[in-house]
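Asker: With the input below, show me the fold.
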Amino acid sequence: MKKVLLLIAAALLLAVLFGSCSSVTDKTGPDIPEETTQTEVPETEAPKETEKPVETEAPKATEAPSHVHTWGEWTVVVEPTCYSQGVRERVCLLDVTHVERELMDIGGHVYVTREDIAPTCVAWGHHGGTQCKYCGEPRRQSKDVPPTGIHDYEETLVEEPGYMKEGLVTYTCKVCGYSYNKKIGMLTFNPDDVWDGTVADGYASGDGSKENPYIIENAAQLAYLAEHDQDETKGKYYKLAKDIIVNDLRGWENWDLDNGPANRMTPIQYFYGSFDGCGHSIRGLYCSMSGNRAATGNHYASRGLFYSIGLGSELRNLNVSESFMVADGGIVNSVVGTMDSYILISGCSFSGKIIGAICGGIVGRVSVGLAHNGGEPYTYGYVTIENCINNGNIMSYETEEKNTHNYCTGGIAGDCSCLFGYCRIENCVNNGTINGANKTGGIVGEVFTADFPNSERSVLISSCKNFGDVTSKKSADGIVGNIWIYNETAPQFEDCFNYGNVSENVK
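Answerer: Have a look, this model is predicted:
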């Protein structure tokens, strides 16, 4: 019974609820008709009328204040091109949130100068011309430039060269990547044979006689010879048994006045003996004077392998190579022929670089005969330079403060002065570049001759050839740069030829 009463109460409640919702209009759909029920609802007394509440006006919504736009300048957002519209916009100055945008008409071509592109080893380039900067349509055609075919290589050392062992370098083009390998020549010297700077206390063997000459096998023994003067070398015989390596030869081409190797060898001072190189070479010499004498205006030089030779000296079959010298001569600085002595320089060669005042590849100065010696009116000398070759570059050392009047530069000899005697230069060849400040020649810089009794010639230059270029700030010649004749005793020339370029008065 209780359950029946609960169900009836629930049904009446639902009927009241549905009856009250049926009077609301849905603004978003059609009207829904009221539903009727078969259940009778007992009549109830109508509610009594009550007083109406005082009506109040509903508040109105707040409106945004209005204004007239004050527009700024148009700004191009997307530039129009020859094939597409652009976009521009402007912003209200009173309210930056108000932005107006509009499309811009398609524009025309805009021609600009075409950027030059340099050709590479494999790619074409072009030069000049104009084109539209948007679509690339040309207005004036550019000129195509073909590939250069020249690679820009980067060098990579793969393997260091060693003694009697080749090295390897790879060259790779930084542009196209092409690469190739190149072998590096093996070292022609054993680094273990480079002089350590010490001086020996004797020679390898020998007693200095003609039959049993002193044997020199290394730089330390050559340095030992340099400690002996003319009295100790007079009449002595020496032979070179091996090539001598004074300095490490790697990079010797870069040696100069300020950049030199570790070892400096003292020149062999006054040598009055006989030295036979036996075809061997003294390699890696670096000879220079300490300090800069050029600043004082004095001659900057006077150092070679031999400082001075005289009185019956002989130098044979000796080569000096891969060397740099601030000197007058590559082999001998000065040859002095006096006291009726005979001096011979035969079969010698030089390669490297020499800077000096009166300088030559083989000999700096040749002085034959003196006007007075110990009260005697004349002393005669006889000097022969034969079968010698210069492959080095010879140049004058010069500054603006120095007087270059006496400068003489030659491939074989810088100066040959024959006062009372005889000098013969025969069958010699210069292959090096000769660059002088004044008197400059492919074979001899200057020849000076004077009287030689009972002889028609005091200087003979025969069968000599110059293949190197000769350049001078003053006088120059392929064979002899300048000749000074005293008392009508002229030098003689036989079968001499110049094949090099000669330039004088070069500033």
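
Asker: Would you confirm that E154 contacts V175?
Answerer: No - between E154 and V175 there is no contact under CB atoms under 8 Å: 10.2 Å. C-beta: built from backbone N, CA, C; applies to glycine.

Asker: okay, these two: which has more neighbours?
Answerer: The neighbour count for E154 versus V175, taken as other CB atoms under 10 Å, is higher for V175 (15 against 11).

Asker: quick one: the closest residue to the more buried one other than its chain neighbours and R114, what's the gap?
Answerer: Of all residues not flanking V175 in the chain, T120 sits nearest, at 4.9 Å (CB to CB, 6 or more residues apart in numbering). Applying CB to CB, to the nearest Å, the value for T120 to R114 is 18 Å.

Asker: I282 against V320, yeah?
Answerer: Yes - in this structure, I282 is within contact of V320 by CB under 8 Å, at 5.2 Å.

Asker: Need the residues touching each of the two.
Answerer: L305 (CB atoms under 8 Å, 6 or more residues apart in numbering).

Asker: mind checking the end-to-end distance for stretch 124-139?
Answerer: 20 Å (CA to CA, to the nearest Å).

Asker: Name the residues of it that come out as buried.
Answerer: By neighbour count, with 16 or more other CB atoms under 10 Å as the criterion, the buried positions of stretch 124-139 are 125-126, 129-132, 134.

Asker: Farthest pair within those?
Answerer: Using CB to CB, the two most remote members of the buried residues of stretch 124-139 are G125 and Y134, lying 23.1 Å apart.

Asker: Would you map the strands across the stretch 201-350 of the chain?
Answerer: Secondary structure of the stretch 201-350 of the chain (DSSP state E, counting those that start in this stretch): strands located at 214-216, 237-240, 244-245, 268-271, 274-276, 281-283, 286-287, 306-310, 314-316, 319-326, 332-337, 341-346, 349-356.

Asker: worst average pLDDT in those strands?
Answerer: Lowest mean pLDDT of these: strand 332-337, a mean of 70.

Asker: before we move on, back to that, can I get the strands of the stretch 201-350 of the chain in a markdown table including mean neighbour count and distance to G197?
Answerer: A markdown table is the format used below for the strands of the stretch 201-350 of the chain (neighbours: other CB atoms under 10 Å; distance: least, CB to CB, whole Å):
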| stretch | mean neighbour count | distance to G197 |
| --- | --- | --- |
| strand 214-216 | 21 | 17 |
| strand 237-240 | 22 | 19 |
| strand 244-245 | 24 | 12 |
| strand 268-271 | 22 | 17 |
| strand 274-276 | 22 | 22 |
| strand 281-283 | 22 | 15 |
| strand 286-287 | 22 | 12 |
| strand 306-310 | 24 | 20 |
| strand 314-316 | 20 | 25 |
| strand 319-326 | 24 | 17 |
| strand 332-337 | 26 | 23 |
| strand 341-346 | 20 | 29 |
| strand 349-356 | 25 | 20 |
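
Asker: With distance to N181 added, can I get the ones you listed in a markdown table?
Answerer: Shown next, in a markdown table, are the strands of the stretch 201-350 of the chain (distance: least, CB to CB, whole Å):
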| stretch | distance to N181 |
| --- | --- |
| strand 214-216 | 41 |
| strand 237-240 | 39 |
| strand 244-245 | 29 |
| strand 268-271 | 45 |
| strand 274-276 | 44 |
| strand 281-283 | 29 |
| strand 286-287 | 34 |
| strand 306-310 | 45 |
| strand 314-316 | 44 |
| strand 319-326 | 27 |
| strand 332-337 | 45 |
| strand 341-346 | 45 |
| strand 349-356 | 29 |
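
Asker: how does this structure divide into domains?
Answerer: 115-145, 153-184, 191-503 (automatic domain parsing).

Asker: The first one: end-to-end distance?
Answerer: Terminal residues of domain 115-145 are spaced 13 Å apart (CA to CA).

Asker: what does the average pLDDT come to for it?
Answerer: For domain 115-145, mean pLDDT is 83.

Asker: now the second one
Answerer: Mean pLDDT, computed over domain 153-184, is 87.

Asker: show me what contacts T449?
Answerer: The neighbours of T449, taking CB under 8 Å, 6+ apart as the test, are 418, 458-459, 483-486, 489-491.

Asker: quick one: which of those has the most company?
Answerer: In terms of neighbours by other CB under 10 Å, the contacts of T449 top out with C418 at 29 neighbours.

Asker: so that residue makes contact with Y382?
Answerer: No - C418 is beyond contact range of Y382, at 10.0 Å (criterion: CB under 8 Å).

Asker: where do the contact lists of the two overlap?
Answerer: Counting by CB under 8 Å, 6+ apart, the shared contacts of C418 and Y382 are V368.

Asker: mind listing what G312 touches?
Answerer: Counting by CB under 8 Å, 6+ apart, G312 makes contact with 234-235, 272, 341-343.

Asker: what pLDDT does it get?
Answerer: At G312, pLDDT is 83.

Asker: before we move on, what about V246?
Answerer: As predicted, V246 sits at a pLDDT of 93.

Asker: ok, now which ones touch it?
Answerer: Taking CB under 8 Å, 6+ apart, we find V246 in contact with 194-195, 219, 263, 265, 282-286.

Asker: want to throw the residues you listed into a markdown table with distance to G206?
Answerer: Putting the contacts of V246 into a markdown table (distance: CB to CB, whole Å) gives the following:
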| residue | distance to G206 |
| --- | --- |
| V194 | 24 |
| W195 | 21 |
| A219 | 18 |
| N263 | 25 |
| M265 | 21 |
| I282 | 18 |
| R283 | 23 |
| G284 | 25 |
| L285 | 23 |
| Y286 | 28 |
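
Asker: For A262, which non-adjacent residue is closest in space?
Answerer: Computed as CB to CB, 6+ apart, the closest residue to A262 that is not its neighbour in sequence is N247, at 6.4 Å.
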